[in-house]
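Novice: no sequence for this one, just the structure:
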């Protein structure tokens, strides 16, 4: 159960800030808040991928990044300076690395409020994963057109 010093509004804001910092630093992407459920309003033809990292902590259990495949490809291309390997796994590996980085930044931003922690190796997949019970969700738009969802699983 979350303590009073770790409320959902604070977690949501810290998730957004961690993602913004991660994408701006690693991929030079502009990240803006989105309160319109844009991820669920895009075309059914849009391919969606996700990456999730388990957080071993007393209060938090996972961080998940969900985004359109097109954005993931653009981010990989930028991060590899236009020289991303052609292998299909490169995009998933890039999103996994972004998820791992944002989870680490997020946990550090809490200043110990979530207790000691360590992160597992991220996993990735296709489609929009269901939200877990009690999940904290922050949504944003990247580069003015791409909806992104960041989800925090809480214990």
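Specialist: Alright, I've got the coordinates. The model shown is predicted, which means the values in this text are computed figures rather than measured ones.
Novice: and the strands in this protein, which stretches?
Specialist: Along the chain, counting by DSSP state E, strands occupy 31-33, 48-57, 60-68, 117-119, 123-126, 136-142, 146-154.
Novice: can you list contacts of the first one?
Specialist: Taking CB atoms under 8 Å, 6 or more residues apart in numbering as the criterion, the residues outside strand 31-33 that touch it are 16, 19-20, 23-24, 139-142, 144, 148. Every residue, glycine included, has its C-beta placed from N, CA and C.
Novice: can you flag the buried ones in those residues?
Specialist: Buried members of the contacts of strand 31-33, scored by 16 or more other CB atoms under 10 Å, are 16, 19-20, 23, 139-142, 148.
Novice: run through the bridge partners of the spatially closest residue to residue 153 that is not a sequence neighbour.
Specialist: Closest residue to residue 153 apart from its sequence neighbours, by CB to CB, 6 or more residues apart in numbering: residue 62 at 3.7 Å. Taking DSSP bridges, one obtains residue 54, residue 153 as the residues bridged to residue 62.
Novice: so what's residue 62 scoring on pLDDT?
Specialist: Note for residue 62: predicted pLDDT of 97.
Novice: okay, now it: neighbour count?
Specialist: Residue 62 has 23 neighbours, counted by other CB atoms under 10 Å.
Novice: before we move on, what about residue 113?
Specialist: Residue 113 has 16 neighbouring residues, counting by other CB under 10 Å.
Novice: let's see the pLDDT reported for it.
Specialist: So, for residue 113, pLDDT stands at 84.
Novice: okay, the contacts of strand 31-33 in CSV with distance to residue 77 and pLDDT next?
Specialist: Rendered in CSV, the data for these read as follows (distance: CB to CB, whole Å; pLDDT from 0 to 100):
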residue, distance to residue 77, pLDDT
16, 24, 95
19, 19, 96
20, 20, 97
23, 14, 97
24, 16, 96
139, 24, 90
140, 20, 92
141, 19, 93
142, 14, 95
144, 18, 90
148, 17, 93
